[in-house]
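Q: Starting from these lines, generate the structure:
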Amino acid sequence: MTRDWTVAAETDPALAAIARTPRLLVALDFDGTVSPHVADPMSARALPAAVAAVNRLAALPETFVAYASGRSLHDLREITEHEDGSPILLAASHGAQFWFPDTGEETDLSTEPADRAEVIEELRALIADLDGVVHEPKTFGFGVHTRTAAPGQEELAFARVEKWAPERIPSWRRRTGHHLREYSWRDEGKDAALSRLRAHVGATAVLFAGDDVTDEDGMRTLGGADLGVRIGAGETAATLRVADPAAFAVLLDALADARAAAQ
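A: Take a look at the predicted model:
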């Protein structure tokens, strides 16, 4: 059962318990989790308080921090302001791309469909006349964003795309999100991303946080020693819920305090 976490609840037993695990992985979605949603996807940046908390956690012994996002690896590195010397792990494209501090970038492009360019051109033509509807290139597909869409344009865009896609690209995976439809020829999800990250660092427990439908794939894989945190409204398998990224930054800071005290 999901319960609300507030600043006054910094000693929440679930947070205290995971802070004591021998080897902790803190895996975070980005958009809507450490960064507010913004109209221009590439202008998204983590809140300063979230950056500070992430850096505190990453500096602690036996503690690993990762961003697990649907963004392509190139875009995720840009919006997280991630540099080669960073200790932060990255799982991009819903778990089809990774960046690890010890090995660098790992990406498999071997499954790219031969008609990818034609598919994208058809998609662009499909939404070209819609005001504020944006095509977002993805390493393994595309997204259709409607955060800046004029009234009535979102509904029209999604109706067109969801009629066209099952006929044109029936084998591609469809994902939904906040003002977003996304299609990918890869089938990985946040569940696969968390599994790979957990194995890579040998985590004894994982805290995973996210705000969207796609994050629930990861939430449902969490075990008894793990902890899921949902940011904002919506059905969730998470244990804790916070109102927004600002509140989540406070939770991350409380986790860093508890983790430091437990070591």
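Q: burial of Ala125, as a residue count?
A: Using other Cβ atoms under 10 Å, Ala125 has 9 other residues around it. Glycine gets a C-beta too; all of them are placed from N, C-alpha and C.
Q: Per-residue pLDDT of it, please?
A: What the model reports as pLDDT for Ala125 is 95.
Q: Give the rounded mean pLDDT of whichever strand or helix holds Ala261.
A: Ala261 belongs to helix 245-262 when assigned by DSSP states H and E. What helix 245-262 shows for mean pLDDT is 96.
Q: got the CA positions of it in PDB?
A: The C-alpha trace of helix 245-262 is given here as PDB (Å, rounded to 0.1, in the frame of the first residue of the first chain):
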ATOM      1  CA  PRO A 245      10.500  17.000  -7.500                       C
ATOM      2  CA  ALA A 246      11.100  19.600  -4.800                       C
ATOM      3  CA  ALA A 247       9.700  17.300  -2.200                       C
ATOM      4  CA  PHE A 248      11.600  14.400  -3.600                       C
ATOM      5  CA  ALA A 249      14.900  16.300  -3.300                       C
ATOM      6  CA  VAL A 250      14.100  16.600   0.400                       C
ATOM      7  CA  LEU A 251      13.600  12.900   0.600                       C
ATOM      8  CA  LEU A 252      16.900  12.200  -1.100                       C
ATOM      9  CA  ASP A 253      18.700  14.500   1.400                       C
ATOM     10  CA  ALA A 254      17.000  12.700   4.200                       C
ATOM     11  CA  LEU A 255      18.200   9.400   2.700                       C
ATOM     12  CA  ALA A 256      21.800  10.800   2.500                       C
ATOM     13  CA  ASP A 257      21.600  11.800   6.200                       C
ATOM     14  CA  ALA A 258      20.300   8.300   7.200                       C
ATOM     15  CA  ARG A 259      22.800   6.500   5.100                       C
ATOM     16  CA  ALA A 260      25.700   8.500   6.500                       C
ATOM     17  CA  ALA A 261      24.500   7.900  10.000                       C
ATOM     18  CA  ALA A 262      24.200   4.100   9.400                       C
END
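Q: Identify each buried residue in it, please.
A: Across helix 245-262, burial judged by 16 or more other Cβ atoms under 10 Å covers 245, 247-256, 258-259.
Q: Kindly report the same for stretch 16-24.
A: Neighbour-count burial for stretch 16-24 flags 16, 18-19, 21, 24 (criterion: 16+ other Cβ under 10 Å).
Q: Same check on stretch 63-78?
A: 63-73, 75-77.
Q: Straight-line length of stretch 3-19, end to end?
A: 18 Å (Cα to Cα, to the nearest Å).
Q: start at 41 instead
A: Fine by me, first position is 41 from now on; the one you just mentioned is stretch 43-59.
Q: I'd like the average pLDDT over it.
A: The predicted model assigns stretch 43-59 a mean pLDDT of 83.
Q: got the contact list for it?
A: Residues outside stretch 43-59 that contact it (Cβ atoms under 8 Å, 6 or more residues apart in numbering) are 64, 245, 247, 265-267, 269, 279-282, 287, 290-291, 294-295, 297-299, 301-302.
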